[in-house]
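> the sequence isn't on hand, but the structure is:
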């Protein structure tokens, strides 16, 4: 009778030990992973946080830093008191020019470094630059188009950076196919740039 009781208890003990070991293993695996959120990464082993945006900014040239700073905050000092749409065009245009310049330089940097280095190009705060301006229907339509262009450009830029990393890690035999993809992305980016230029040169002056 005692033997019959001991066997199930022995099996239960094995299951409990095995289950406990599995929980400890999964907990350790989870803790060993780095937690990423909003540009920060937390390494449990080091107990430190690294602001990758600041780290990326600090290693850029002064010229690049100046353009990044303009997009992120310095544009505010260029916004005139006049709350008309036309008074903000120059600020919008300068932000767009800086954004495109930085994006192009980032792509060149990616190729030169085999996908290791880039510029974390800030988003242009179109709403911030137009703060206080009441847009009529035509103005709103073209501003929405500008936002769409920025969104499309950012999406294609991300695709380029991912492909550039693959290109850098690939062997020589695989690179031509990846280069074709990079060239296609470059074509799409140039098409979006043309659309932005048309907005500033043709449509915005008419509003």
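Here it is on my side, so go on. All values derive from a computational prediction rather than experimental measurement. Numbering: from 1, shown residues only.

> okay, now the unreliable bits of this structure?
1-50 (pLDDT under 70).

> give me the residues contacting stretch 59-77.
Contacts to stretch 59-77, defined as Cβ atoms under 8 Å, 6 or more residues apart in numbering, come from residues 57, 91, 94-95, 98-99, 101-102, 105, 119, 121-125, 128-129. C-beta: built from backbone N, CA, C; applies to glycine.

> likewise for stretch 111-129?
So stretch 111-129 is in contact with 52-53, 56-57, 60, 64, 68, 71-72, 75-76, 79, 88, 91-92, 95-96, 99, 102-103, 105-106, 109-110, 143, 146-147, 150, 154, 157, 161, 164-169, going by Cβ under 8 Å, 6+ apart.

> secondary structure element holding residue 109?
helix 89-112 (DSSP states H and E).

> and that helix, what's buried?
Residues of helix 89-112 classed as buried by neighbour count (16 or more other Cβ atoms under 10 Å): 89, 91-96, 98-100, 102-107, 109-110.

> likewise for stretch 197-207?
Result for stretch 197-207 [16+ other Cβ under 10 Å]: buried residues 199, 200, 204.

> strands of the protein, start to end?
Assigned by DSSP state E, the chain shows strands spanning 35-37, 40-43, 48-51.

> hang on, the earlier thing: turn the buried residues of stretch 197-207 into a markdown table, columns for distance to residue 139.
Formatted as a markdown table, those follow (distance: Cβ to Cβ, whole Å):
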| residue | distance to residue 139 |
| --- | --- |
| 199 | 11 |
| 200 | 13 |
| 204 | 9 |
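
> nearest to residue 174, of those?
Nearest to residue 174, judged by Cβ to Cβ, of the buried residues of stretch 197-207 is residue 199 at 38.4 Å.

> now do that closest one against residue 68, distance only.
23 Å (Cβ to Cβ, to the nearest Å).

> so who does residue 179 touch?
With Cβ under 8 Å, 6+ apart, residue 179 has these contacts: residue 167.

> that should have said residue 182, apologies.
160, 163, 164, 167.

> and for the last one, the neighbour number?
Counted with other Cβ atoms under 10 Å, residues neighbouring residue 167 total 21.

> got it, and the third one?
Neighbouring residues of residue 164 were enumerated by other Cβ under 10 Å; the total is 25.

> picking up where we left off before, which one of the contacts of residue 182 is nearest to residue 185?
Nearest to residue 185 among these, with distances taken as Cβ to Cβ, is residue 160, at 4.6 Å.

> tell me how far that closest one lies from residue 52.
19 Å.

> who has more neighbours out of these two?
Taking other Cβ under 10 Å, residue 160 and residue 52 do not tie; residue 160 has more neighbours (24 against 13).

> the more buried one touches residue 107, doesn't it?
Yes - contact criterion Cβ atoms under 8 Å: residue 160 and residue 107 qualify, at 5.8 Å.

> all set, thanks.
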